[in-house]
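*Asks:* mind looking at a prediction? Sequence and model below.
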Amino acid sequence: MKSGTTTSACLALLRRDLLLLWRRRGDALNPMLFAVIVVALFPFALGPETAVLARIAAGTIFVAVLLAMLLSLDALFRSDLEDGSLEQLVLSPHPLSLLLGCKVFVHWLTTALPLILIAPLLAQLLSLPPNMLPVLLVALALATPLLSLIGAVCVALTVGMRRSGMLLTLLVLPLIVPALIFGAGACNAAQDGLAYSAPLLWLAAWLVLSLVLAPLAAAAALKISLT
Amino acid sequence: MPHSETESLPLLQAQSLCFARNDEAIFGPLDFELRPGDVVLIEGDNGSGKTTLLKVLSGLLEPSSGNVLLHGVPLTLAKLSHQVALLGHLPGLKLELSALENLRFATGMGGIRPGITPRLALASVGLEGYGDVPLRTLSAGQRKRVALARLLLVPAALWLLDEPYANLDREGIELVNRLLDNHAHRGGAALITSHGAYAFTSGMPRRIALRPAA
Amino acid sequence: MNPLLLWFHKLGSPPYFYRFAGRWLPWLYALALISGCAGFYGALFTAPADYQQGDSFRILYVHVPCAWMSLFAYLFMAANGFVALVWRIKLSETLAMASAPIGAAFTFITLVTGSLWGKPTWGTWWTWDARLTSELVLLFLYFGVIGLYHAIEDRRQAARAAAFLALVGIVNLPIVHYSVIWWNTLHQAQTVSLLGPSKIAPSMLWPLLTLAFATHVYFFASLLARTRVALLELESGKDWVRALLPSPETGHG
């Protein structure tokens, strides 16, 4: 009798979720589209002066990316709950936190990574100075996994609800304020010619902490919501 | 093999098991045990707590009092050993994926019995040739059969089946009974619920009646 | 068992807590009222005006105790949430959820008084001062806990989920606080702070401490009152609640 190992379980879950995403690949474009639209609205509101736009570029891109991710967060466990897969996941003999970690990784891969990839385009739209782009990309690469991880804990708490969108926003946003401050702050500091490594390091430290704690917290939260 | 040792212990044991939601008793106290080869039917009306009982026995819900023992070990520890397979109201299948992809995922998560493959399991539930089409295109009864094929694949000794006869035609009901018989002969045990609307072709050896707690 | 532990054990039972809270409530309210009046008398009449800020500094006597209480109530909620999640004590769930709206109210008062003070001092109703911003985030955290509690049907499950959120919040709170401080120093010159580093004269200090005491007592009084009501609601089917009702014989005539 061959019982599956935890590694093979995680791989199976990753493969299935990626396959599912490939089958519904049209949906994966939505966060990107949303971010582009949000960013494109700012020049209309503020006027097309390059200096003004460059000043707010990093912050605007950050907010747009966070909102776009927040929109897709709601669906993290939804389909699994509706077809009973979530129940099977909780019942599986493998550590639930690891399995949820895999799901969060897939979420990051499919929503945050495309957003990071189009960040140069967004930066161009808002005339961010080109030498600031690396700082922006690093900051986004550190801040987006944080949102996926902390968001997963909050989604796990609201998993049984029919209309959780607004509540989810209320739960996630206060927790994610530091990611915005440090991420956009690092970009602004770089733009002002100040040292910007400290906020990035803080972000990295917080990310490491969340990588360890958030899957455990999400598993505990999910068990609370499912009982 | 320490087989004789485990033989003496019941596969599943419920000891004065009670469940209450918000201090309102749903069922209990229940005392019963399942030995290898037992197939037990849980009967009760809608709302009598059949589904809740299965959730408690599988470890999804915690009992408010009493114990569930698997091979004499409390459930929380036994959960780590691939012994229980639950088939709930929701089949836990992805409609965008094909039957084979769904089954491969199930074996990746729960392991696989020796001598069987997803394709063989599909054939034994009568779905030969349906392995590669998306589940979305199959009927509700066919999807149910895919869920049954999962039970054949994963190496769980104890099956907890919630309304396995729902959505199935006469042939499907016979299939479930045949699967249960085979499982029992292999030394497995099963607990199934039904609200009693079906006439079973094979006689169920034992029944547990659930009455709504007063 | 040691008598203190035994007492705690007994306190965890809803009917016992209901009676206990009922006994203490009037005394706590009276104590809060008396110490509050004394504190306000000191704050408004005996404390001298500040040489920099004039009389407007007196709002500090409301602002600072409320700011302390906003944090205290959150800590109290999270501590009870922890107990509720680990030992599954129903009373702790109720206490945690009862303290959330009180804490939110204190946070709200802190924000309002801060902005009222800001108008004469900074010339604007709102400024992104580090402390005020942290309080604003704290208010959102409170709203999240309260919102989650009311969004879930099952009362006990709702309390456990909201308690868990409160715990997640408390892990995050220091990070939020320090990030806000860093952000503030990056963007703003140092402004006059409501509670500056300067030493406070004793005549200014005692009303502050008295009022801090009064708000604490008020918090517990309000907490007990809310918990009593919540317990009645949660346990409405139980015998001890039925026994509190007027006897049914008189109703039936």
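*Replies:* Done, it's in.
*Asks:* residues of the stretch 51-200 of chain C that sit close to chain A?
*Replies:* Within the stretch 51-200 of chain C, the positions adjacent to chain A are C:85, C:137, C:140-141, C:143-144, C:147-148, C:151-152, C:157, C:160-161, C:164-165, C:168-169, C:171-172, C:175-176, C:179-180, C:182-183, C:186 by C-beta under 8 Å from any C-beta of the partner chain. Glycine gets a C-beta too; all of them are placed from N, C-alpha and C.
*Asks:* next: chain B.
*Replies:* Proximity of chain B to chain A is confined to B:58-62, B:79-82, B:84, B:86, B:88-97, B:101, B:104-114, B:134, B:155 under the rule C-beta under 8 Å from any C-beta.
*Asks:* mind listing which of the residues you listed are in strands?
*Replies:* Judged by DSSP state E, strands contain the following of these: B:84, B:86.
*Asks:* write the PyMOL selection for whichever of the residues of the stretch 51-200 of chain C next to chain A are buried.
*Replies:* A single PyMOL command is used to select the members of these judged buried by 16 or more other C-beta atoms under 10 Å in any protein chain shown:
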select buried, chain C and resi 85+137+140+141+143+144+147+148+151+152+157+160+161+164+165+168+169+172+175+176+179+180+182+183
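*Asks:* can you map out the helices along chain B?
*Replies:* For chain B, the helices defined by DSSP state H occupy B:3-8, B:50-58, B:75-78, B:99-110, B:118-124, B:140-153, B:170-185.
*Asks:* among those helices, which is the most enclosed?
*Replies:* Among the helices of chain B, ranked by average contacts under mean count of other C-beta atoms under 10 Å in any protein chain shown, first place goes to helix B:99-110 (a mean of 24).
*Asks:* now the residues of chain B next to chain A: which count as buried?
*Replies:* Neighbour-count burial (16+ other C-beta under 10 Å) applied to the residues of chain B next to chain A gives B:58-61, B:79, B:82, B:84, B:86, B:88, B:90-97, B:101, B:104-113, B:155.
*Asks:* give me the element the nearest residue to B:Glu101 once chain neighbours are set aside is part of.
*Replies:* Among residues not flanking B:Glu101 along the chain, A:Leu19 sits closest, at 6.6 Å (C-beta to C-beta, 6 or more residues apart in numbering or on different chains). Per DSSP states H and E, A:Leu19 falls inside helix A:6-23.
*Asks:* need the contact partners of the helix or strand following that helix.
*Replies:* Where DSSP H and E defines the elements, the next helix or strand beyond helix A:6-23 is helix A:29-46. The contact list for helix A:29-46 (C-beta atoms under 8 Å, 6 or more residues apart in numbering or on different chains) reads A:52-53, A:56, A:60-61, A:63-65, A:67-69, A:71-72, A:111, A:114-115, A:118, A:121-122, A:125-126.
*Asks:* quick one on the thing from earlier: what's the mean pLDDT across the helix holding A:Leu19?
*Replies:* The average of the pLDDT scores along helix A:6-23 is 91.
*Asks:* now it: buried residues?
*Replies:* Applying a neighbour-count criterion of 16+ other C-beta under 10 Å, one finds A:8-10, A:12-17, A:20-21, A:23 buried in helix A:6-23.
*Asks:* the chain: helices as residue ranges?
*Replies:* I'll assume chain A. Listed in chain order, the helices of chain A (DSSP H) span residues A:6-23, A:29-46, A:50-73, A:78-82, A:85-91, A:96-107, A:113-125, A:133-157, A:165-191, A:197-226.
*Asks:* please refer instead to chain C.
*Replies:* C:3-11, C:14-41, C:60-87, C:90-122, C:130-151, C:155-187, C:202-234, C:239-244, C:248-252.
*Asks:* how many neighbouring residues does B:Arg206 have?
*Replies:* Per other C-beta atoms under 10 Å in any protein chain shown, the neighbour tally for B:Arg206 reads 12.
*Asks:* and chain B, which of its residues are near chain C?
*Replies:* Within chain B, the positions near chain C by C-beta under 8 Å from any C-beta are B:21-24.
*Asks:* try it again with 7 Å
*Replies:* B:Asn22 (C-beta under 7 Å from any C-beta of the partner chain).
*Asks:* residue ranges with poor pLDDT in chain B?
*Replies:* Across chain B, residues meeting the criterion (pLDDT under 70) sit at B:1-8, B:77-81, B:195-205, B:211-214.
*Asks:* nearest to A:Pro199, of the helices of chain C?
*Replies:* For the helices of chain C, the distance to A:Pro199 is smallest for helix C:155-187, at 7.0 Å, taking C-beta to C-beta.
*Asks:* now do the closest one: distance to the chain's middle.
*Replies:* Put simply, helix C:155-187 sits 16 Å off its chain's centre (C-alpha atoms, centre = their mean, to the nearest Å).
*Asks:* quickly check: that helix near chain B or not.
*Replies:* Yes - residues of helix C:155-187 are located near chain B by C-beta under 7 Å from any C-beta, namely C:155-156.
*Asks:* helices or strands up against that helix?
*Replies:* helix A:133-157, helix A:165-191, helix A:197-226, helix C:60-87, helix C:90-122, helix C:130-151 (3 or more C-beta pairs under 7 Å, 6 or more residues apart in numbering or on different chains; DSSP states H and E).
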